[in-house]
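Colleague: model the following, please.
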Amino acid sequence: MRQRMYARSIITATLQRPPSTLDIAAADFNGSNNRVTLGSIHSTVTAMCKEGRLSEALAMLQGLDTPVHPETYASLLESCILTNSLSEGKTLHAHIVISALEHHEFLGIKLVIMYCRCRSLQDARQVFDKIPHRRPILWNAIIRGYARSGLYSEALALYNQMQAEGVEPDTFTFAVALMACAGLQDLKQGMSIHDLVIRRKLESEIFVGNALVAMYAKCGSIEKACDVFAKMSERDVISWNSIIGGYAQHGQEEEALRFFHQMHLAGMKPDSVTVVSVLPACANLEALHIGKEVHGYVTKTGYVSDETVGNAILSMYAKCGSLEDAQQIFDGLSQADVVSWNAMITAYGQNGRCEEALLLFNQMVSGGLKPNVITWCAIIAAYAQNEHPDEALRFYSQMQLAGVNPDCVTIASVLRACAQLESLEHGKEIHDHARRKGFESETLVANALVAMYAKCGSMECSRQVFEKMQKRDVVSWSAMIAGYAQRGHGDEALKLFRQMCEVGIKPNSMTITSVLSACARLSALKLGKEIHHYVIKFWLESHVFVGSALIDMYSKCGSIEVARHLFDKMSERNIVSWNAMIVGYAMHGHGEDALSLFHQMQQADIDPDHITFIALLSACSHAGLIDEGWHYFISMSREYHITPKVGHYSCMVDLLGRAGCLDEAREFIDNMPFEPNADVWGALLGACRIHSNIELGKFVAERLFELQPENPGFYVVMSNIYAAAGRWDDVEKVRTLMKDRGLKRRPGCSWIEVKDKVHAFNVGDKSHPQSEEIYAMLDHLAGQMKKFGYVPDKNFVLHDVEDEEKEHILCYHSEKLAIAFGLISTSPSTPIRIIKNLRVCGDCHSATKLISMIVERQIVVRDANRFHHFKNGLCSCGDYW
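Modeller: The predicted structure is shown next:
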């Protein structure tokens, strides 16, 4: 009796009757409960539920004193499940208790499902625990409830309890348990369940197969996901979505699009989930043509009305740089929500239009929408991505004042701003903030930390963060490799790339770009070619940044013709592609080709940037094109509204200085709108060395010793100027000054790659295992060169020693040792490629021209400034370097 009274009190407290409810009930049952049959009650209740009149049906039940059939309660519970009606469900539960049906198995299952659907897991568990005999369907209901609520550990605990109680899991149980493993990224437990699935011979079940694909993909084991997918005898749209989404989420967009294409060939129609996975892949690859095709499909199928799909289309156009299309989608939305505004703000930010992004931000606020963490992140990222790091940090401060807590993405954007400022102090502050917020272990933040520390020059801190990461993805490896490549540690970059491949992480376009950059720095052409084969194999050649990196690699490895061939083959070129090719021509001294390509770039309606003009001015400098150099320097601001930076002034000083216009170069520096830095004065000092101008060189050196007192290179150049003039007392003074300041001269070193190994040589080096053969070859070459009238130019020995000793030193310069080793280690038809860390000296330049003629081999030397192609006794620089 007490239980019945308690149940009725729940009904009274939770149920409010509409005024017409009792009238309807009375009309249906003529005001007499005695004449009501169980069948008529069930029919009426079912009809009411179908019409969405759940509250009225419950009110009618309250007016009845007779118990109703369990099927009636089941219909009502089903209605509660469909409408997520927790309050009505609890009222109904009380009715069931009053009717003594609490332990009815079927109603128990329905109650568990209802409470789980309404996220009332504690109530669900109480009902579940009271049911004495629990079949798989009941276990599935409770496990699914916990998994759908994100309580994956609890879901797996129930799965293990189910087995412990001797209840056999079915396909549905396995699918839900695998979903929990995916949520926890628990690959070990997932593989254990997979083993049980195989033993139960359920792997061919599409429901289980889909869950396995999704689990492996979300746990980062995309290869295993692909294996399961390949073995599936039957696939539905969920199967395809799982594999496509898996590749897209792990940064392998090319593979995602490849499977999307296979899905089309298989005759499977994509749904909205497919579209939402594919569009970001198109965006990240800047594959606008594919994105437009997907948009057309979405329009035809009606998915465009789906808010998530609409925002994905908007973001795709934005990331592909098609802002007009993005704006059109945005303007066509019936009511833009915060997600839509965020997408547009992000769009303008990603396309370098920070002012428009800020305008949208302000319009959003004035329109009554409150910016969320994603909005703030979008505006911060807009400035961070477009080289306005100070503004990014200012908005980060405003975000904190607004009481909005940053998320991982925001922290990553702020770290990017710190990296741009190369502010290690700010970066460490944000690192501490991330640590306090518990974000340090997040992969996104850790990746940003790796990149920030590398950009700030702290490779040790960068590597420490990398080593501490519990989970490294392709971005982690790429960031670390890029850090080493950008800081000039090409050997470490390549070593890490090999480790990455060994642990089974598949490189993406960013990795390939960084590795190619490392190959370019080391002039490792053979490895660069291997990476090129990889690019072709995995369809990365069409990626504009990979294509640009290949051009840069071949150019810096001495194969300028191959670089141009790849450039001409590119179906799509951006400013990076054009700049890479122009820089390549500049490095190789092909000034006219560089200028011609710039004119083609103008005809293609590609606007130059500051890097373009650095390349043009450098090309003019190496080719001695003074008038053209002045033309491009002036046109920067007049025609293209690009304010020259210090790098452009440095190039102009180098151009004038190389041509012997030292007074004009000095006057140019005096008229600079800002204080010249060490690069500018360094260019003039180099010109003083070339033209043996001691007095001006002394003046410039004094400026440099003030600006960078710890840079040994400037002391060495001044010492060389004195040595070339035979002023040995002054040479000794400079060397003493270096010694007093604890500075050491960087020794000349040359490298050559033979059979996958890089060999390094210093002057007079005898440490190589084949030294005897190398020196024998040099002696042979010396004898041959003398027949052609070669006499070592002792002016290039910058030591106060006897002539005989000078000649001995000249014979064994590092580049000559590397050339000799190349001759004894490679086939006669193979070009010899050398890198030198310093400017090639005049004697070695003359000797290498003769050697190329004697051995009938092409010799390519990349020194600190440019390339020299020696062939048939001539050099591509025309002796102007």
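Colleague: use CA for all of it now, contacts and neighbours both
Modeller: Fine.
Colleague: which of the helices or strands spans Glu391?
Modeller: Following DSSP states H and E, one finds Glu391 within helix 389-401.
Colleague: what is the helix or strand that comes right after that helix packed up against?
Modeller: Once helix 389-401 ends, the next helix or strand along the chain (criterion: DSSP H and E) is helix 408-421. Secondary-structure packing of helix 408-421 (3 or more CA pairs under 8 Å, 6 or more residues apart in numbering; DSSP states H and E): helix 373-385, helix 389-401, helix 424-437, helix 443-455.
Colleague: I'd like the ones you listed as TSV, with mean neighbour count and mean pLDDT appended.
Modeller: Conversion of the helices and strands packed on helix 408-421 to TSV gives the following (neighbours: other CA atoms under 10 Å; pLDDT from 0 to 100):
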stretch	mean neighbour count	mean pLDDT
helix 373-385	25	92
helix 389-401	17	92
helix 424-437	16	92
helix 443-455	26	93
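Colleague: and Ile329, which of the ones you listed is closest to it?
Modeller: If you check each of the helices and strands packed on helix 408-421 against Ile329 by CA to CA, helix 373-385 wins as the nearest, at 18.8 Å.
Colleague: elements contacting the closest one?
Modeller: Using 3+ CA pairs under 8 Å, 6+ apart, helix 373-385 sits against helix 338-350, helix 354-366, helix 389-401, helix 408-421.
Colleague: related to what we said a few turns ago, can I get the helices and strands packed on helix 408-421 in TSV including distance to Cys49?
Modeller: As requested, the helices and strands packed on helix 408-421 are exported to TSV (distance: least, CA to CA, whole Å):
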stretch	distance to Cys49
helix 373-385	41
helix 389-401	48
helix 424-437	48
helix 443-455	48
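Colleague: who wins for proximity to Glu165 among these?
Modeller: Here helix 443-455 is closest among these (CA to CA), at 38.8 Å.
Colleague: all strands in the protein, in order from the N-terminus.
Modeller: Secondary structure of the chain (DSSP state E): strands located at 749-754, 757-762, 832-836, 859-862, 867-871, 874-875.
Colleague: paired strands for the second one, with orientation please.
Modeller: Read that as strand 757-762. strand 749-754 (antiparallel) (DSSP bridges).
Colleague: picking that back up, need the strands of the chain in a markdown table (columns: mean neighbour count and mean pLDDT).
Modeller: A markdown table is the format used below for the strands of the chain (neighbours: other CA under 10 Å; pLDDT from 0 to 100):
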| stretch | mean neighbour count | mean pLDDT |
| --- | --- | --- |
| strand 749-754 | 21 | 89 |
| strand 757-762 | 17 | 88 |
| strand 832-836 | 25 | 91 |
| strand 859-862 | 25 | 94 |
| strand 867-871 | 24 | 93 |
| strand 874-875 | 19 | 92 |
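Colleague: take the ones you listed and write them to JSON lines, including distance to Gly302.
Modeller: Below are the strands of the chain laid out as JSON lines (distance: least, CA to CA, whole Å):
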{"stretch": "strand 749-754", "distance to Gly302": "58"}
{"stretch": "strand 757-762", "distance to Gly302": "58"}
{"stretch": "strand 832-836", "distance to Gly302": "59"}
{"stretch": "strand 859-862", "distance to Gly302": "59"}
{"stretch": "strand 867-871", "distance to Gly302": "58"}
{"stretch": "strand 874-875", "distance to Gly302": "65"}
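Colleague: can you say which of these is nearest to Ile505?
Modeller: Nearest of the strands of the chain (CA to CA): strand 757-762, 24.1 Å.
Colleague: can you list the residues that contact that closest one?
Modeller: 747-753, 813-815, 817-818 (CA atoms under 8 Å, 6 or more residues apart in numbering).
Colleague: in the longest helix seen in the chain, what counts as buried?
Modeller: Longest helix in the chain, counting residues (DSSP state H): helix 771-787. Buried residues in helix 771-787, counted by 16 or more other CA atoms under 10 Å: 774-775, 777-778, 781-782, 784-785.
Colleague: next up, the contacts around the nearest residue to Ala211 once chain neighbours are set aside.
Modeller: Closest residue in space to Ala211, ignoring its immediate chain neighbours: Ala175 at 5.3 Å, by CA to CA, 6 or more residues apart in numbering. Neighbour list for Ala175: 207-208, 211-212 [criterion: CA under 8 Å, 6+ apart].
Colleague: chain neighbours aside, what residue packs nearest to Val365?
Modeller: Val365 sits nearest to Pro371 (CA to CA, 6+ apart), 6.9 Å away.
Colleague: for that neighbour, give me its contacts.
Modeller: By CA under 8 Å, 6+ apart, the contact set of Pro371 is 338, 364-365.
Colleague: which of these are buried?
Modeller: Among the contacts of Pro371, the ones that count as buried (16+ other CA under 10 Å) are 338, 364.
Colleague: nearest to Val474, of the contacts of Pro371?
Modeller: Nearest to Val474 among those: Val338, at 30.9 Å, using CA to CA.
Colleague: how many residues are close by the closest residue in space to the closest one that isn't next to it in sequence?
Modeller: Closest residue to Val338 apart from its sequence neighbours, by CA to CA, 6+ apart: Leu369 at 7.1 Å. Neighbour count of Leu369, defined by other CA atoms under 10 Å: 14.
Colleague: rewinding a little: closest to Phe598 out of the helices and strands packed on helix 373-385?
Modeller: Of all the helices and strands packed on helix 373-385, helix 338-350 comes closest under CA to CA, at 26.2 Å.
Colleague: what packs against the closest one?
Modeller: Counting contacts by 3+ CA pairs under 8 Å, 6+ apart, helix 338-350 packs against helix 307-319, helix 323-332, helix 354-366, helix 373-385.
Colleague: contacts for the shortest one?
Modeller: Right, helix 323-332. 310, 313-318, 336, 340, 344, 347-348.
Colleague: in it, what counts as buried?
Modeller: Quick answer for helix 323-332 (16+ other CA under 10 Å): 323, 326-327, 329-330.
Colleague: right, and Phe259 touches Ser242 too?
Modeller: No: at 10.6 Å, Phe259 does not count as touching Ser242 under the criterion of CA atoms under 8 Å.
Colleague: neighbour-wise, which of those two wins?
Modeller: Ser242 (26 against 19).
Colleague: now the more buried one: closest residue in space, sequence neighbours ignored.
Modeller: Ala214 (5.2 Å).
Colleague: so Leu121 touches Tyr146, yeah?
Modeller: Yes: with contact defined as CA under 8 Å, Leu121 counts as touching Tyr146 (7.2 Å).
Colleague: the more surrounded of the two?
Modeller: Taking other CA under 10 Å, Leu121 and Tyr146 do not tie; Tyr146 has more neighbours (25 against 19).
Colleague: so that one makes contact with Cys116?
Modeller: Yes: assessed by CA under 8 Å, Tyr146 is found in contact with Cys116 at 7.4 Å.
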